[in-house]
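Engineer: Model the following, please.
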Amino acid sequence: MADTFGFVDDNLAVIRANIREAAESCGRSADEIRIMAVTKTVAPETVNRAVALGVDLLGENRVQEFLSKQDAYDKSAEIHFIGHLQTNKVKYIIGPMTMIQSVDSVKLAEEINRLASAHNKTMDILCEVNIGGEDSKSGVAPDELIPLLEQIAPLEHIRVRGLMTIPPPSSGDVFLGRMEELFHKVRDRDIEGTSMEVLSMGMTHDYAEAVKHGSTLVRIGTGLFGARDYSR
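Structural biologist: Here you go, the predicted structure:
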């Protein structure tokens, strides 16, 4: 376990240095960018090592896996749900999650709103955008985003805080640039009930470039915890 912890320590140091360099290159402060530890298939004790090093935000992809691990997590960390979420699974995560980043339909937003009301809370959400138009990915199409926001923003027990995306693999940063433009377009629209504070964009392979395109939250799994067995 000591070797594993050392691996996490070293990886986090590299990630922080890369974020700092990327931020400074475009006139930003590294303090503007939050690091999320993506925990899929990672043992809780390893996740807790990252928390001990100051990573205070965890990202969960799978409802069942989260339920099996949540009691073992360091309770000082905030937890966001970042995976595709079916409406019938919202009830299992509405309590412990502080944000749901993968909202892409009125139906899902309404179910989150209903259950948040029952829990006497307001749930922070991000709208997930399928910026590359990929059939294999969830998310609202860019040209359907504003109509979606206008429908869900009035819901009393959700609070739209920004946008999330998983750009397709690319030889350049065209999709990161498109997402940055869309984020600013929506923010300038100033839709009542939305704040557009968070742009969740960038993963292990592209987080430094995402920072240069305005990301405020990067979601890193493999780069922090190493290659994992996703068949588990």
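
Engineer: Report the distance from stretch 94-111 to the chain centre.
Structural biologist: 12 Å (C-alpha atoms, centre = their mean, to the nearest Å).

Engineer: go on, stretch 31-51?
Structural biologist: The chain centroid and the centroid of stretch 31-51 are separated by 12 Å, computed with C-alpha atoms, centre = their mean.

Engineer: Stretch 153-173 too?
Structural biologist: Distance of stretch 153-173 from its chain centroid, counting by C-alpha atoms, centre = their mean, is 8 Å.

Engineer: repeat for stretch 39-55
Structural biologist: Stretch 39-55 has its average C-alpha position 16 Å from the chain's average C-alpha position, going by C-alpha atoms, centre = their mean.

Engineer: Which of the three states applies to residue 125?
Structural biologist: At residue 125, secondary structure determined by DSSP: H, G, I helix; E, B strand; the rest coil is strand.

Engineer: for residue 100, phi and psi?
Structural biologist: Backbone dihedrals for residue 100, given as degrees, to the nearest 10, come out at phi -120, psi 120.

Engineer: so it makes contact with residue 123?
Structural biologist: Yes - taking contacts as C-beta atoms under 8 Å, residue 100 lies within contact range of residue 123: 6.3 Å. (C-beta placed from N, C-alpha, C; glycine too.)

Engineer: Show me what the lowest-mean-pLDDT helix or strand in the chain is packed up against.
Structural biologist: Ranked by mean pLDDT, DSSP states H and E, the helix or strand of the chain with the weakest confidence is helix 2-25, at a mean of 90. Helices and strands touching helix 2-25, by 3 or more C-beta pairs under 8 Å, 6 or more residues apart in numbering; DSSP states H and E, are strand 34-38, helix 44-52, helix 207-212, helix 222-225.

Engineer: Ok, which of these comes nearest residue 197?
Structural biologist: Among these, strand 34-38 comes nearest to residue 197, with 11.0 Å by C-beta to C-beta.

Engineer: residues in contact with residue 149?
Structural biologist: With contact set as C-beta atoms under 8 Å, 6 or more residues apart in numbering, residue 149 has these partners: 127, 160, 186, 191, 194.

Engineer: so who does the fourth one touch?
Structural biologist: When you say that, I think you mean residue 191. 146, 149, 150, 153, 160.

Engineer: which of these has the most neighbours?
Structural biologist: The residue in those with the most neighbours, by other C-beta atoms under 10 Å, is residue 160 (24 neighbours).

Engineer: Contact partners for the residue lying closest to that one once chain neighbours are set aside?
Structural biologist: Using C-beta to C-beta, 6 or more residues apart in numbering and skipping residues adjacent in sequence, the residue nearest residue 160 is residue 194, 4.1 Å away. By C-beta under 8 Å, 6+ apart, the residues touching residue 194 are 149, 153, 160, 161, 186.

Engineer: now, which of those sits nearest residue 80?
Structural biologist: Using C-beta to C-beta, residue 161 is the member of the contacts of residue 194 that lies nearest residue 80, at 10.5 Å.

Engineer: Does that closest one touch residue 198 like I think?
Structural biologist: Yes - here residue 161 reaches residue 198: they are 4.9 Å apart, a contact under C-beta under 8 Å.

Engineer: more crowded one of these two?
Structural biologist: Regarding residue 161 and residue 198, a neighbour count based on other C-beta under 10 Å identifies residue 198 as having more, with 22 against 18.

Engineer: Phi, psi for that one please.
Structural biologist: phi -120, psi 130.

Engineer: The nearest residue to it once chain neighbours are set aside is in what secondary structure piece?
Structural biologist: Closest residue to residue 198 in three dimensions, ignoring its sequence neighbours and counting by C-beta to C-beta, 6+ apart: residue 162, at 3.2 Å. Using DSSP states H and E, residue 162 maps to strand 158-165.
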